[in-house]
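Visitor: Quick one, structure for this:
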Amino acid sequence: MKAQMKKWIKVVIIILLISILLEVLLVGYNAVIKKLYSAKHLIDNETTTLNIQDFTITEPDEYGYVHLQYKQEIPNLYNVEMTMKETSEDKYIRIYYNDDSTLMLKSNKEQTKFKAYINEANVNNLQISFQEGTINTEDIESIALNANIDYLPENNFSFIHIVIFFIALMLGYSIFKYGKNSLKFINKIKKENLFLILGAILGIILCFVNLPLRKYDEHAHFWKAYEVSMGNFTSNPNKGTIPETVYSTVIDENGLYHIENDTYSYQEVLETIDEGINPEDGTYINPGTVSNLSPLSYLPQAIGILIARMMHLSPTLIAIAGRMTNLIAYLLCIYFAIKLMPKEKWKNILIVVALLPMSLVIGASLSPDAVIISVLTLAIAYLLNLKYVKDKITIKNIVILAILFMIPAICKIVYILAAGLFFILPKSKFKNKKEYYAFALIMLLIIALPILIWNTLTKDIVQIAIRTNQPEQIYFTLSDILRDLYTAGNTLYNNTEGYIYTMIGGWFTPHIIDFVFIVFLLFVTFRKDETQNDIKFDKKDKIIISIVLLAIIALIFGGMYVGFTRAEYTIVEGVQGRYFIPILALILILLESNRISIKLSYKKVIYFISLVVLYIPSLLTMFEYFNK
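Guide: Sure, this is the predicted structure:
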C-alpha cells in the first residue's frame, strides 16, 4: 500500500513538473512571437489615427473611382487600417503609395476593418481608392497609420494553464495506465449516473467561469429570484421589492448596465466579492419586466439566494449560490428523466440535448428556462414511461403527470400545449373510456386552474414592452393571412441558421463546435440500434406528437410576433433558439431511425470523452473573454 502511494506521489510530482514546463514553454513561445511581431512592426508601433477630414476626396475619375488622398509625407509606413462605423459588405479597395499599390482586405471578425500591410519608408501621396457608390465616406470612422494588432495573448505565467495541463496529463496517464479496465468501468456506469457526473463537473465550472448577470437577461432573473427569496411572490407595480444595493450590482449611478461594458472581467468581480448587502438600505426597486413571472420559475434559484443571504454574502456570491441550486434542480430533473425514459436510444438523445452548451449554460444560470427545460423533459419522460412500461395508469400517475406539465406551462404559457401529449397514452391502460376522459379532464383542470389563478393575481402588474403595440399588431396580423404566410417564410429564411446555432451553442461556443454538436446529435438520433424495437410510435402517435410540436413552435413565433415585434414588421423579432430546447429531445425522438450503421465497442466512453473534449474550446473561449 505504501509502495503504491509513493508511486502515485511520484507520478503526480512528475506530471506537475511537466505541466509547469509546458507553461514555461508556452510563455517562451509567446515571448518569441511578440519579439518577432515587434520586429515585423505588427505591434509596438506609434499609431497615427486620422479621420476623413484629413484626406482630400476627389470626384470620380473616368473609371468611376473615388480617391482619398493624404499628401503629407510619412517617414515609415508599415500598415494602413480603415475602420467603418458599421459592418461592411465585401468591397474592392486599393491603396496606392509611391510607385506601388495593394488591396485593403477585411481584417476583423466584426467585418468593420480593412487593412493593408506595406512596410515602406518615406511614403508620399498616400491614396485610398474605391468604386463610386460602394462606400459612403461619412461611414468611415477612422484611418489608422501603423496600427497595432490586438489579438496577441497576455504573456503572463498562468496558474490556470498549469491546472488544465495537469488535469489533461493525469487523465491521459490514467487512460494509458489503466485504459481497458477504466473503459470497462465507465461502460458499466448507468447512463443517468454518467450524465450526473459530467453535468455536475461542467455545470459547476460554468457557474464560476461564466461571469454572472451578463447574458440571457440573467440580471433581471436575479432581481426576481431575490424578490421570491424574500417571500414576495407577486410584485407590487407601485412599490419596489428588492434592495437598491442588489439592483446596483447591474445598474450604475447613471442608470447604465455597467456589466455590459468591455471591462467587465474576473478582476472586476473579485474586487466586489466582499461587498455585502447594506442592512440600512431603505430604497427598494421593482424587478421590472419579469415581475409577473410565476415564483415557480424561480424556486430553485430562490433557495440558493436565501441561504446566501442568511450567510450575509455579497450580491455576486448570492447570484452564484442561486446558480448552484438552479443547477442542482436541473441535473436532478434530467437525471430522473433519463432514468424513466423507456428506450436506451432515447436516453442517449436526452443526455446529449441536456448537455448541449446552451442547455447547460442555462442550467448553470439564474434563468427560469432551466426549470422549463428540465421539468418539461421530465414530464415527457414520465409520460413515455407510463405509455411503454406501466401496466395500468392510476389517478396518482395522472396527478403527477399534470403537475409536471403545469410547471413549465405556468412559467411560459406556450408550453401548455405539451399537455396534449396525454392523448398518445393507450386507452387500454385505463379501466374504461369513461376513466380515460375523466382523467384527461382532471389533468386539464390541474394544469389550467393554477395558470388562471396566477394570471388573475398578476393582471395588474403585466409589463408590456414599449417597443411594440400589441392591439395594433393583432389587427395587422388578422388583416391579411397571405402577408402572415410571407412573414413566416421571411422569418425562417433569414433566421433559421441563427435559431439552430443559438439552440445548440451558448454565446461562448465557436461555430465549429456548434456544428460538431449538431453532427453528434444526428449521429445519436440516426445510429442503428436493433434493441427494444418494440418501443416505437405508431402512426396515430406520430400525428399527435407532430401536431403538438408544431402548435408549440407556432405559438412561440406568434407570441413573439404579437408581444415583442415592432408594429407592422414582416419578420418575427426576439425569437431565440433556446426557446426550442424544451421540445428538442422529443423532436429527435420522433425522427429517430436506424440509418447509420456503426459498431461501437465502448459507446458510453466515446460519448463521455467526446462531450468533455467538445467543451474544452468553449470554456477556454469564455475564460479568455473575461480574463482581461
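Visitor: Give the buried residues for stretch 37-57.
Guide: Across stretch 37-57, burial judged by 16 or more other Cβ atoms under 10 Å covers 41-43, 45, 50, 55. Bear in mind the C-beta positions are built from the backbone N, C-alpha and C, glycine included.
Visitor: got CSV for these, with pLDDT too?
Guide: Shown next, in CSV, are these (pLDDT from 0 to 100):
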residue, pLDDT
His41, 88
Leu42, 88
Ile43, 89
Asn45, 90
Leu50, 90
Phe55, 90
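Visitor: Just the ones of those in strands?
Guide: Counting by DSSP state E, the buried residues of stretch 37-57 place Leu50 in strands.
Visitor: Now for the protein, the helix or strand with the poorest mean pLDDT.
Guide: strand 284-285 (a mean of 60; mean pLDDT, DSSP states H and E).
Visitor: after that strand comes which helix or strand?
Guide: helix 299-310 (DSSP states H and E).
Visitor: Remind me what that following helix packs against, helices and strands.
Guide: helix 218-229, helix 315-340, helix 369-388 (3 or more Cβ pairs under 8 Å, 6 or more residues apart in numbering; DSSP states H and E).
Visitor: For Pro582, find the nearest of those.
Guide: helix 369-388 (4.4 Å; Cβ to Cβ).
Visitor: Any idea how far that closest one is from the middle of the chain?
Guide: 22 Å (Cα atoms, centre = their mean, to the nearest Å).
Visitor: Number the chain from 480, please
Guide: Done: numbering now begins at 480, and the last item shifts to helix 848-867.
Visitor: Check which helices and strands that helix is in contact with.
Guide: Helix 848-867 packs on helix 778-789, helix 794-819, helix 823-833, helix 836-842, helix 874-890, helix 1060-1070, going by 3+ Cβ pairs under 8 Å, 6+ apart.
Visitor: Let me know which of these is tucked in deepest.
Guide: For the helices and strands packed on helix 848-867, the largest average neighbour count (mean count of other Cβ atoms under 10 Å) is found in helix 836-842, namely a mean of 26.
Visitor: a markdown table please, covering the helices and strands packed on helix 848-867 and showing mean pLDDT and distance to Ile668.
Guide: Formatted as a markdown table, the helices and strands packed on helix 848-867 follow (pLDDT from 0 to 100; distance: least, Cβ to Cβ, whole Å):
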| stretch | mean pLDDT | distance to Ile668 |
| --- | --- | --- |
| helix 778-789 | 93 | 26 |
| helix 794-819 | 93 | 12 |
| helix 823-833 | 91 | 12 |
| helix 836-842 | 92 | 19 |
| helix 874-890 | 94 | 27 |
| helix 1060-1070 | 94 | 21 |
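Visitor: now those helices in CSV, with distance to Ile1026?
Guide: Listed next are the helices and strands packed on helix 848-867 as CSV, based on distance: least, Cβ to Cβ, whole Å:
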stretch, distance to Ile1026
helix 778-789, 31
helix 794-819, 23
helix 823-833, 20
helix 836-842, 25
helix 874-890, 16
helix 1060-1070, 11
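Visitor: List just the one of these that sits closest to Glu976.
Guide: helix 836-842 (14.8 Å).
Visitor: Not counting the closest one itself, show me its contacts.
Guide: 678, 681-682, 685, 689, 694-695, 805-806, 809-810, 832-833, 848-849, 852-853, 981-985, 987-988, 992-993, 996, 1056-1057, 1060, 1094, 1097 (Cβ atoms under 8 Å, 6 or more residues apart in numbering).
Visitor: hmm, 6 Å instead?
Guide: Outside helix 836-842, the residues that touch it by Cβ atoms under 6 Å, 6 or more residues apart in numbering are 681-682, 685, 806, 809, 848-849, 984-985, 988, 1057, 1060, 1097.
Visitor: hey, C-alpha coordinates of it in PDB?
Guide: Below are the C-alpha coordinates for helix 836-842, written out as PDB (Å, rounded to 0.1, in the frame of the first residue of the first chain):
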ATOM      1  CA  PRO A 836     -23.600  24.100 -24.400                       C
ATOM      2  CA  MET A 837     -26.800  26.200 -24.500                       C
ATOM      3  CA  SER A 838     -28.700  23.800 -22.300                       C
ATOM      4  CA  LEU A 839     -26.000  23.600 -19.700                       C
ATOM      5  CA  VAL A 840     -25.200  27.300 -19.600                       C
ATOM      6  CA  ILE A 841     -28.900  27.900 -18.900                       C
ATOM      7  CA  GLY A 842     -29.000  25.100 -16.300                       C
END
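Visitor: do you know which of the helices and strands packed on helix 848-867 lies nearest Gln610?
Guide: Of these, nearest to Gln610 by Cβ to Cβ is helix 836-842, at 41.6 Å.
Visitor: quick check, distance from that closest one to the centre of its chain.
Guide: Counting by Cα atoms, centre = their mean, helix 836-842 comes out at 6 Å from the chain centroid.
Visitor: Filter the contacts of helix 836-842 down to the buried ones and hand me the PyMOL line.
Guide: In PyMOL syntax, the buried subset of the contacts of helix 836-842 is picked out as below (16+ other Cβ under 10 Å):
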select buried, resi 681+682+685+806+809+848+849+984+985+988+1057+1060+1097
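Visitor: How many residues are close by Leu675?
Guide: Neighbour count for Leu675, taken as other Cβ atoms under 10 Å: 17.
Visitor: To clarify, my last question referred to Ile851.
Guide: For Ile851, using other Cβ under 10 Å, the count is 24.
Visitor: residues contacting the residue nearest to it when sequence neighbours are not counted?
Guide: Counting by Cβ to Cβ, 6 or more residues apart in numbering, Ile851 lies nearest to Pro887, which is 4.4 Å off, once chain neighbours are set aside. By Cβ under 6 Å, 6+ apart, Pro887 lies in contact with 851, 854-855, 894.
Visitor: okay, now the domains of this protein?
Guide: Domain assignment of the chain by automatic domain parsing yields the ranges 481-515+637-667, 527-624, 697-1105.
Visitor: For the contacts of Pro887, I'd like a selection string for PyMOL - just the buried members, please.
Guide: Burial among the contacts of Pro887 is assessed by 16+ other Cβ under 10 Å; the matching PyMOL selection reads:
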select buried, resi 851+854+855+894
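Visitor: from the contacts of Pro887, which is closest to Trp487?
Guide: Val854 (43.0 Å).
Visitor: State the distance from that closest one to Leu883.
Guide: Relative to Leu883, Val854 is positioned 6 Å away (Cβ to Cβ, to the nearest Å).
Visitor: got it, and Ala898?
Guide: With Cβ to Cβ as the criterion, Ala898 and Leu883 are 10 Å apart.
Visitor: on that earlier part again, do you know which of the helices and strands packed on helix 848-867 lies nearest Arg573?
Guide: helix 836-842 (41.7 Å).
Visitor: Tell me how many other residues surround Leu896.
Guide: Count around Leu896 with other Cβ under 10 Å applied: 20.
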